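**Student:** just coords:
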């Protein structure tokens, strides 16, 4: 878990919420990939961190999970891009 929490703490002030939430989503899937479950957990963590950074951002809009369902191919492409960038 240190490999997940330490970078989030380190980047908390450096990244805005639209960078940190997706980073957390990618990082959790990178550390512990799973066919059944971690995607949902990672998306929930992304939404939680995004809400902590700005509690008003998501009010009255689609959640990140809902948006990702609408653009699954873009979501997968983004995770692949993050793999290349952050490894």
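**Tutor:** Arrived safely. Note that the structure is a prediction, hence the values are computed from the model and not measured.

**Student:** low-confidence ranges in the chain?
**Tutor:** Residues of the chain meeting the criterion pLDDT under 70: 37, 55-60, 64.

**Student:** Give me the distance between residue 5 and residue 29.
**Tutor:** Distance of residue 5 to residue 29, given as CB to CB, to the nearest Å: 15 Å. Heads up, the C-betas are built off the backbone N, CA and C, glycines and all.

**Student:** Between those two, which has more neighbouring residues?
**Tutor:** More crowded of residue 5 and residue 29, by other CB atoms under 10 Å: residue 29, with 18 against 11.

**Student:** residue contacts, the more buried one?
**Tutor:** Neighbour list for residue 29: 38-39, 42, 79 [criterion: CB atoms under 8 Å, 6 or more residues apart in numbering].

**Student:** Find the pair from these with maximum spatial separation.
**Tutor:** The distance between the two most remote of those (CB to CB) is 11.8 Å, for 38 and 79.

**Student:** in which helix or strand would I find residue 4?
**Tutor:** Residue 4 belongs to helix 2-11 when assigned by DSSP states H and E.

**Student:** which residue ranges form the helices in the protein?
**Tutor:** For the chain, applying DSSP state H gives helices covering 2-11, 17-31, 38-53, 64-70, 72-86.

**Student:** which of the ones you listed sits most buried?
**Tutor:** Counting by mean count of other CB atoms under 10 Å, helix 17-31 has the highest mean neighbour count of these, with a mean of 19.

**Student:** just how off-centre is that helix within its chain?
**Tutor:** 3 Å (CA atoms, centre = their mean, to the nearest Å).

**Student:** now do stretch 61-77
**Tutor:** Centroid separation for stretch 61-77 versus its chain: 11 Å, with CA atoms, centre = their mean.

**Student:** now swap in stretch 63-79 and tell me
**Tutor:** On CA atoms, centre = their mean, the centre of stretch 63-79 falls 11 Å from the chain's centre.
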